[in-house]
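> A predicted structure for the sequence below; I have some questions about it.
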Amino acid sequence: MKAHHGLHNRIVAAILLVLLSCLPVAAQTAKLDELFARLQKADEAEAAQIESDIWMEWSKSGSPAMDLLLQRGKDAMANGQPDVAVEHLTALIDHAPDFAEAWNARATAYYQLGEFGPSLSDLGQVLTLNPRHFGALSGLGSIFEELGKPAQALEVYKATLKIDPHAPGVEEAVSRLETELQGKDL
């Protein structure tokens, strides 16, 4: 239980970093800055393409070998082999520990395996490396919902919408959770 508490503190710290940080980080390149600015003003049709462009930027490690490991991990997940994905992605993280998308992909693989603790830990690392990672935030919200923590999920989903107002399914989740929590102490 004590380890779970420490993990929870790291997650809360990562969320606060997202909500409060205005400092530039390595993951915030000029191209990404421009894409995020466009995303704030985009309509639904434009938003999907901009989100795709952001994901493409995030998936560039700077090394063809590391990009291949990421792709192998994603392919393994797509083929219903999240355990194999974890192996590829762990190797990638071992070689490129500052590559946020490696951590995010492994968090997804752990989530697919139902291993929420390791998934939460990896999401914390993603958000430390890339505070604007709307995919990691959305995943964090989903895990909080599955863990029966709707207030925390709502907070994370709202933070997601500040970064990506068009994040798929997030507006609906906010509406659903606000209705569920109406009249309850947050």
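Ah, there it is. Numbers count the residues shown, from 1 in each chain.
> make it CA atoms for all contacts and neighbour counts henceforth
Will do.
> shaky segments in the chain?
1-28, 183-186 (pLDDT under 70).
> run through who's touching stretch 168-180.
Contact partners of stretch 168-180, identified using CA atoms under 8 Å, 6 or more residues apart in numbering, comprise 138, 150-151, 154, 157-158, 160-161.
> let me fix that, I meant to ask about stretch 41-51.
35, 38-39, 166.
> and it, what's buried?
42, 47-48, 50-51 (16 or more other CA atoms under 10 Å).
> for residue 82, phi and psi?
Dihedral pair for residue 82: phi -60, psi -30, per degrees, to the nearest 10.
> how about the nearest residue to it, chain neighbours excluded?
Spatial nearest neighbour of residue 82, chain neighbours left out: residue 109 (4.9 Å); criterion: CA to CA, 6 or more residues apart in numbering.
> likewise for residue 90?
residue 106 (7.3 Å).
> tell me who's in contact with the residue nearest to residue 82.
77, 82-83, 85-86, 119.
> can you give me the neighbour number for residue 61?
Look at residue 61: counted by other CA atoms under 10 Å, it has 19 neighbours.
> which SSE is it in?
Using DSSP states H and E, residue 61 falls within no helix or strand.
> which ones are touching it?
Contacts of residue 61 by CA under 8 Å, 6+ apart are 67, 99.
> how close does it sit to residue 75?
Counting by CA to CA, to the nearest Å, the gap from residue 61 to residue 75 is 17 Å.
> what of residue 135?
From residue 135 to residue 75 the distance is 18 Å (CA to CA).
> more neighbours: which of the two?
With neighbours defined as other CA under 10 Å, residue 135 and residue 75 compare such that residue 135 has more, 21 against 15.
> what residues does the host helix or strand of that one touch?
Element membership for residue 135 (DSSP H and E) is helix 134-146. Helix 134-146 is contacted from outside by 104, 108, 116, 120, 123, 126-127, 150, 152-154, 156-157, 159-160, 163-164, 167, 170, using CA under 8 Å, 6+ apart.
> any idea which helix or strand comes after that helix?
helix 150-163.
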